[in-house]
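J.: got a predicted structure plus its sequence, pasted below:
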Amino acid sequence: MAPNPRVAKAFRAMREIGIPEEKTKPVLKNLLKLYEKNWELIEEENYRALADAIFDSEEAETAEQKKKHDIAEAEALEQKKKLELAERMKVIEEETQIPEEPERPLKRLRLRHQDGHASPSCTTSSPNSNGTPLKKPKLEIDDIPYAIPRTRSHAKTNESQLVSPQSQSRNKGKQPVSDCNTQPDVTNETGGDSAIRSRHPKDKGKEPFLPQTGFQEKRSISDRPSSHGVRFKEPKVKQSPLALIKPKDEPLTDDNTSKVVVPLAVIRPESLTNGDSSTENGPVSEAAQPLAVANDESTTKLDIASSSSGEIKISLTCNIVGKPNISITDVDSVLKTMEDKCLNSVKLLDPSISIKKLMKDMCECLLDNETTSTPPAKPSRRCCVADPDTKDMPSDTNGSVNESQRVTEDDCENGAHNNTESNNESVSDVIRSTHDVNDIAKGQESVIISLVNDVNNECPPSFHYIPQNAVFQNAYVNFSLARISDDNCCSTCFGDCLTSSTVCACALQSGGEFAYTKEGLVKETLLDECIKMNRDPQKHCLFYCKECPLERSKNEGITEPCKGHSVRSFIRECWLKCGCNKQCGNRVVQRGIQRKLQVFMTPGGKGWGLRTLEDLPKGAFVCEYVGEVLTNAELYDRVQKSSNKDEHAYPVNLDADWAAESELKDEEALCLDATYYGNVARFINHRCWDPTLVEIPVEVENPDHHYYHLAFFTTRKVKALEELTWDYGIDFDDETHPVKAFRCRCGSRFCRNNKRPNSK
Ligand SMILES: C[S@@+](CC[C@H](N)C(=O)[O-])C[C@H]1O[C@@H](n2cnc3c(N)ncnc32)[C@H](O)[C@@H]1O
């Protein structure tokens, strides 16, 4: 068939510019389709459109080819990498292979544990952690949270320091926006039965400690309690002479080896299996706990040993042929070199590898393993140490617990530690978990607080017992006497204010009534009001900050609106500037724990709990929530940095009087965290409904209410051995909360975590 003359003409025109017919043909075909056979468009400007289309298609083809080539190259590279990786893995395997012998005991012990024998590892008491090896809060050198005095960045003027709390309250600039569905009972303000101090013009409610605002409210991270045992890296803190309490300086983990004075026992792996303990490396203390030795077939030997006081020593013996006089002066540089070596030779390792940490982990594994090796018939309570000096337990009156119900010295004898060096806290954080079962407070309270576990093998979490709050770092807590004006104390009183015929100035501060009865109990009106408010904070006066410090602490650029704080009633106690004596009836909380209490393992999966060993009347002071005083920003930071956010002890917000503040500075927006430093209150479990305790803010030293004490009082009569519980105010529906809520096992009828299907 004769070619279409227009087609032939197009071919010709393209040939003239050097494009062969076979290239022109497909492009022309496409172009005709595109232009719907409109030849004029193609022939315009001497076939310019056709030429352009041909050039474009050439370019596209080249690009396609290049792409294919690149893909092929990448695949080849990938393949090469895989081969290299496999090669390296092989090398690592060969290099890190541990001789079979030393490993065997570990494996066996783990298997025994898996076989269903009680886990001897010191787990946290989280119900979820049952049966898993202990993950103790690791406090590394830089991690130890000291109770450090605040570094006050801006001091208040003397003028403002001398303003009485009430006038302070009156003079607060802004009128808080409140959401009072039910107005607080104003009769209290005018001399009702309760000794509350209204901090807000209209307020009279209590407020939940926790920054929560009611059951349906979403709370911010610092609002909500969370479980203990979180690991976090604390910011480095500066020491200042203004601490409330400065806990003992903790010795640093890595220095411990230098403090080991007791020769360490070492046992060969084979002797672990037959119960025979042969030793080496010099004399062995009688009480030393045999551990393990790993022997390299060649010339290197790894020893792991513990002493009677619980230190663990890892030592590596190398055959340094040709360098007989070697002396290592700088361990850090050795570690650094080793880390570099690891990174260079085995490039797969995490760049933040730390040999120190590896060695610490090794210690933990070792402890785990060692505990697992305890015969199941007599489980070890390795972390618990009975101190012979504190053997006297609370007497058995009023239904007190009997001897068989507590963990005795015998219970602990299988442990790695005996009591000979129980006062020696100069060891690693492993040892920090050592608690005296006869007195967890270690003599720091005026009563002994024992600890028992009749349920499982768990040890109490690692923390420092402190009987009073301690400032962590930035919290502004000012106890200066100059801040207490004459109106603010009863300097002319004498003896016991409660029995005085004249009305004491402190009573005037709280509406003319003391909060306590002569028997030292909180008066019923105040108590019932607090209980009611805790049950349904929504129905009470809620205050919304204009700029909420809790939201601000998140430091996320856009500050979310305040979720609300309940305005609470305060108890006001006499203090140093008052003329009364220490036994004054208006000094209850400041005298500390007076009741017989016991930390015990709950049978219902809530971990450790607190119970009373004596019958308690309604309104009795039990204990204060004691912990580190942190700013909310510090707490937020702390929780964010923690690797296990849901294992944080329940922090509480000191926001009971934020309504009285026009604007809170960061260092004034405070909270308490008992995760690392705390008292018995850190063991009190949550109960959604009808808890045995209620928390009430108590003013002792501070006329302003940035800082105050949080005291627990009984909500009803409590029988000896009954568990003490309080409502954390937790919102179990808040799934956006960074700290995961636990699964509530409070067992109460109206448990908020076990709602009926359509209750939402
Ligand atoms: C402040 S601690 C209380 C003491 C804790 N049980 C312990 O063993 O240390 C809070 C933690 O206790 C546990 N807990 C408290 N109340 C609970 C409840 N009602 N149900 C389940 N677990 C609870 C949770 O693991 C929570 O994170």
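T.: Cool, got the structure.
J.: pLDDT below threshold where in the stretch 51-200 of the chain?
T.: 91-200 (pLDDT under 70).
J.: meant to ask about the stretch 451-600 of the chain
T.: 556.
J.: what residues does it have near the ligand?
T.: With CB under 6 Å from any ligand atom as the criterion, the stretch 451-600 of the chain meets the ligand at residues residue 461. Any C-beta I mention is one placed from the backbone N, CA and C, and that applies to glycine too.
J.: for the stretch 451-600 of the chain, what spans make up the helices?
T.: Secondary structure of the stretch 451-600 of the chain (DSSP state H, counting those that start in this stretch): helices at 505-509, 524-535, 549-552.
J.: so which of these is the most packed in?
T.: Greatest average neighbour count among the helices of the stretch 451-600 of the chain goes to helix 549-552 (a mean of 24), per mean count of other CB atoms under 10 Å.
J.: list the helices and strands it packs on?
T.: helix 632-641 (3 or more CB pairs under 8 Å, 6 or more residues apart in numbering; DSSP states H and E).
J.: could you point out the helix or strand that follows the helix it packs on?
T.: Toward the C-terminus, helix 632-641 is succeeded by strand 652-653 as the next helix or strand (DSSP states H and E).
J.: show the average pLDDT along that following strand.
T.: The average pLDDT for strand 652-653 rounds to 91.
J.: which neighbouring elements make contact with that strand?
T.: Partner elements for strand 652-653 (3+ CB pairs under 8 Å, 6+ apart): strand 670-673.
J.: the strand it packs on and the ligand, are they touching?
T.: No: with CB under 6 Å from any ligand atom as the measure, strand 670-673 is seen stopping short of the ligand, the closest distance being 10.5 Å.
J.: what sits up against that strand?
T.: 211, 222, 469, 472, 475-477, 625-632, 635, 638, 648-649, 651-654, 706-707, 710 (CB atoms under 8 Å, 6 or more residues apart in numbering).
J.: out of the helices of the stretch 451-600 of the chain, which is closest to residue 683?
T.: helix 524-535 (19.6 Å; CB to CB).
J.: okay, the helices of the stretch 451-600 of the chain in a markdown table with distance to residue 746 next?
T.: Listed next are the helices of the stretch 451-600 of the chain as a markdown table, based on distance: least, CB to CB, whole Å:
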| stretch | distance to residue 746 |
| --- | --- |
| helix 505-509 | 37 |
| helix 524-535 | 14 |
| helix 549-552 | 25 |
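J.: in the helix or strand containing residue 698, what's buried?
T.: In the assignment (DSSP H and E), residue 698 maps to strand 693-699. Neighbour-count burial for strand 693-699, counted by 16 or more other CB atoms under 10 Å, picks out 693-699.
J.: quick one: mean pLDDT over the helix or strand harbouring residue 23.
T.: Using DSSP H and E, the element containing residue 23 is helix 21-34. Mean pLDDT, helix 21-34: 90.
J.: what's the answer for stretch 725-735, then?
T.: 86.
J.: now do that stretch: distance from first to last residue.
T.: Stretch 725-735 has an end-to-end distance of 24 Å (CA to CA, to the nearest Å).
J.: returning to what we had before: now, of the contacts of strand 670-673, which are buried?
T.: Buried, going by 16+ other CB under 10 Å: 211, 222, 469, 472, 475-477, 625-632, 635, 638, 648-649, 651-654, 706-707, 710, out of those.
J.: point me to the residue of the stretch 551-700 of the chain nearest the ligand.
T.: residue 607 (2.7 Å; CB to the nearest ligand atom).
J.: how is this protein carved up into domains?
T.: According to automatic domain parsing, the chain comprises the domains 5-94, 143-235+466-760.
J.: pick the most buried one from the ones you listed.
T.: domain 143-235+466-760 (a mean of 21).
J.: shouldn't residue 747 be in contact with residue 606?
T.: No: using CB atoms under 8 Å, residue 747 is not in contact with residue 606; the gap is 9.2 Å.
J.: follow-up on the earlier one: out of the domains of the chain, which is closest to residue 455?
T.: For the domains of the chain, the distance to residue 455 is smallest for domain 143-235+466-760, at 4.2 Å, taking CB to CB.
J.: ok, the residue of the stretch 401-550 of the chain found nearest the ligand - how many residues close by?
T.: Of the residues in the stretch 401-550 of the chain, the one nearest the ligand is residue 461, at a distance of 5.2 Å by CB to the nearest ligand atom. Neighbours of residue 461 under the rule other CB atoms under 10 Å: 30.
J.: so who does residue 664 touch?
T.: Counted by CB under 8 Å, 6+ apart, residue 664 has contacts 545, 549, 658, 706.
J.: for the protein, longest helix please?
T.: helix 39-96 (DSSP state H).
J.: how big is the angle separating that helix from helix 21-34?
T.: Here helix 39-96 points in a direction 110 degrees away from that of helix 21-34 (axes from the mean of the first three to the mean of the last three CA atoms, to 10 degrees).
J.: tell me the helices and strands packed up against helix 39-96.
T.: Secondary-structure packing of helix 39-96 (3+ CB pairs under 8 Å, 6+ apart): helix 5-16, helix 21-34.
J.: counting contacts, what elements does the first one pack onto?
T.: Meaning helix 5-16. By 3+ CB pairs under 8 Å, 6+ apart, helix 5-16 packs against helix 21-34, helix 39-96.
J.: just the angle between the first one and helix 5-16, please?
T.: In this structure, helix 21-34 runs at an angle of 130 degrees to helix 5-16, with the same axes, to 10 degrees as the basis.
J.: which residues are in contact with helix 21-34?
T.: Under CB under 8 Å, 6+ apart, the answer for helix 21-34 is 7, 10-11, 14-15, 39, 42, 49-50, 53-54, 57-58.
J.: these: which two are farthest apart?
T.: Spatially, the most separated pair among those is 39 and 58, at 23.0 Å (CB to CB).
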